[in-house]
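In: have a look; sequence and predicted model below, questions after that.
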Amino acid sequence: MTRGGWEQVPILQNKLLESQEKLLKALKELTAAEEEKQKKEATLTEAWKSLSDLNKKVYRAEEDACDAMEATEKAQEEAARSKEETASDKEAATKAQEAAALYKGEAIELDKGKRQVESDLAAA
């Protein structure tokens, strides 16, 4: 090696050391970036799991709401039937009262007729 070549060795060694330091720094940054990426992926995975759990809860809530709506409709239908039956029962009760009043009137008239016949028989 020439004298000028030997003089370049310390400079080249410094450049090599600088390059190694830059490479080491880049490797550390890459490692940190990879760790950050893994953390973000773990967070994203957890978020997806939470979203999935929430979707399941929403689905169950929708099913429960549908069941409740069906039960409400059935209860309303039953209430309407009961109301109709009550109206029908009231109508039948009114007719029965009217018939009872009519029969009572007829019974009174028959009783009057019976007393008249008895009175006529007693007088005869």
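Out: Cool, got the structure. Fair warning: this is a prediction, and the values are worked out from it, not measured in the lab.
In: could you list the low-pLDDT ranges of the chain?
Out: 1-5 (pLDDT under 70).
In: can you rerun that using 90?
Out: Scanning the chain for pLDDT under 90 picks out the ranges 1-12, 87, 89, 92, 99, 101-124.
In: nearest residue to the middle of it?
Out: residue 61 (2.4 Å; C-alpha atoms, centre = their mean).
In: next one: the strand or helix carrying that residue to chain centre, how far?
Out: Residue 61 is part of helix 3-123, with elements assigned from DSSP states H and E. Distance of helix 3-123 from its chain centroid, counting by C-alpha atoms, centre = their mean, to the nearest Å, is 1 Å.
In: rewinding a little: how close does the residue nearest to the centre of the chain sit to residue 106?
Out: 66 Å (C-beta to C-beta, to the nearest Å). Every residue, glycine included, has its C-beta placed from N, CA and C.
In: how about residue 67?
Out: Per C-beta to C-beta, residue 67 is found 57 Å from residue 106.
In: and if you look at residue 21?
Out: Counting by C-beta to C-beta - residue 21 and residue 106 are separated by 125 Å.
In: and residue 58, by the same measure?
Out: The spacing between residue 58 and residue 106, counted by C-beta to C-beta, is 71 Å.
In: burial of residue 100, as a residue count?
Out: 11 (other C-beta atoms under 10 Å).
In: now the one 4 residues further on
Out: Neighbours of residue 104 under the rule other C-beta under 10 Å: 10.
In: same thing with residue 86?
Out: A count of nearby residues for residue 86, using other C-beta under 10 Å, gives 10.
In: if I look at it, how far off is residue 100?
Out: 20 Å.
In: equivalent analysis for residue 89, please.
Out: According to C-beta to C-beta, residue 89 stands 16 Å off from residue 100.
In: what do you get for residue 77?
Out: Counting by C-beta to C-beta, the gap from residue 77 to residue 100 is 34 Å.
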